[in-house]
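Student: I'd like to go over a predicted model; first the sequence, then the structure.
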Amino acid sequence: DVKVTQSSRYLVKRTGEKVFLECVQDMDHENMFWYRQDPGLGLRLIYFSYDVKMKEKGDIPEGYSVSREKKERFSLILESASTNQTSMYLCASSTKGHYEQYFGPGTRLTVT
Amino acid sequence: KQEVTQIPAALSVPEGENLVLNCSFTDSAIYNLQWFRQDPGKGLTSLLLIQSSQREQTSGRLNASLDKSSGRSTLYIAASQPGDSATYLCAPGGSARQLTFGSGTQLTVLP
């Protein structure tokens, strides 16, 4: 079974802090994705990556950056956390050809 | 830009009923469509993936159909059980391998 893990289930940070959210997949998937999920807005794509060191902006990249130094790991970085970044963050991965996305358990981030 | 609508937004049924969840999308140029379930506070679990060349896909009590030209997909759940209670999300996949999500149907199956 595909396993996608995220570093924390719950995280509380202060405004202005630099925040790292880590995602690891164990199925050698080429594609990895970061989404945020908010009530009334659904899931929105922040960034995605097709390969190591590659990244593409999604629909809402402002205030975020990403890093993919190894194939299995995709990190989301909040350079200076703000209260409007309080949300559920979900990571996903998929293979190059099949494209079925598998999701991690999510990280609920609260910025105070 | 792809827009996805799911109807109904919420559904409550007694155990044992067969039910249909609807999904419509505005851009028919999709590569695939994926159905997920999400339990409260949890991540998404993939239920079914339909490729654009397929008309339907089945897994156990679940059957998903796709009519790409009309921009519609349905998820059929047979003999519903309380354990099926969750939010169901559909997500068509575009050429850039991205999924666009609907806002979901919140299903409650009453014992």
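Tutor: Everything's here; your move. No experiment lies behind these values; they were computed from the predicted model shown.
Student: gap between the most far-flung residue of chain A relative to its centre and B:Gln57?
Tutor: Computed with CA atoms, centre = their mean, the residue of chain A farthest from its C-alpha average is A:Gly97, at 21.1 Å. According to CB to CB, to the nearest Å, A:Gly97 stands 17 Å off from B:Gln57. From N, CA and C alone the C-beta is placed, and that goes for glycine too.
Student: same thing with A:Trp34?
Tutor: Using CB to CB, A:Trp34 is found at 27 Å from B:Gln57.
Student: more crowded one of these two?
Tutor: Using other CB atoms under 10 Å in any protein chain shown as the criterion, A:Trp34 and B:Gln57 rank with A:Trp34 on top: 23 against 17.
Student: tell me who's in contact with the more buried one.
Tutor: A:21, A:23, A:45-48, A:58, A:64, A:66, A:74, A:76, A:89-91 (CB atoms under 8 Å, 6 or more residues apart in numbering or on different chains).
Student: and chain A, which residues reach chain B?
Tutor: A:4, A:31, A:33, A:40, A:42-45, A:48, A:50, A:56, A:58, A:90, A:92, A:94, A:98-106, A:108 (CB under 8 Å from any CB of the partner chain).
Student: who's in contact with B:Gly71?
Tutor: With contact taken as CB under 8 Å, 6+ apart, B:Gly71 is in contact with B:Ser24, B:Phe25, B:Thr26, B:Asp27, B:Ser28.
Student: surely B:Gly93 touches B:Ala29?
Tutor: No - between B:Gly93 and B:Ala29 there is no contact under CB atoms under 8 Å: 10.6 Å.
Student: the two: which is more packed in?
Tutor: Using other CB under 10 Å, the more surrounded residue of B:Gly93 and B:Ala29 is B:Gly93, with 23 against 10.
Student: okay then, goodbye and thanks.
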